[in-house]
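Q: please find the sequence and the predicted model below.
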Amino acid sequence: MLRRYTGLLVLASTLMLVSCKDNATNVPDPGETRPDFTALDVNPNSATHGEMVSPSDYIGSISAYYFGHAT
């Protein structure tokens, strides 16, 4: 069982390293604006649950975006 997890860890690490190769053309310049978008906040623990939110709502704050899919 430990061997299987070790193999998966090595595979995941390798994929991450390969995907992190030099992509200087995709790195934004400091201060460069990003396209704005809106999305429905579906997090029931969020203060804005059920509302449309966008990155412009969080200007000046540290934020992260995760677009996941579960079935």
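A: Received, thanks.
Q: so which residues of this protein form strands?
A: 39-40, 52-53 (DSSP state E).
Q: of the ones you listed, flag the one that's most buried.
A: Mean neighbour count (mean count of other C-beta atoms under 10 Å) peaks for strand 52-53 among these, with a mean of 14. For the C-beta atoms, the positions are set from N, CA and C on the backbone; glycine is no exception.
Q: contacts for it, please.
A: Defining contact as C-beta atoms under 8 Å, 6 or more residues apart in numbering, one finds that strand 52-53 is touched by 38-41.
Q: who does it pair with, and is each partner parallel or antiparallel?
A: Strand pairing for strand 52-53, using DSSP bridges, gives strand 39-40 (antiparallel).
Q: so which of the contacts of strand 52-53 comes closest to residue 57?
A: The shortest approach to residue 57 among the contacts of strand 52-53 belongs to residue 38, at 9.0 Å (C-beta to C-beta).
Q: how much space between the closest one and residue 68?
A: 18 Å (C-beta to C-beta, to the nearest Å).
Q: re earlier: any chance of JSON lines for the strands of the chain, columns mean pLDDT and distance to residue 29?
A: Putting the strands of the chain into JSON lines (pLDDT from 0 to 100; distance: least, C-beta to C-beta, whole Å) gives the following:
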{"stretch": "strand 39-40", "mean pLDDT": "91", "distance to residue 29": "25"}
{"stretch": "strand 52-53", "mean pLDDT": "92", "distance to residue 29": "26"}
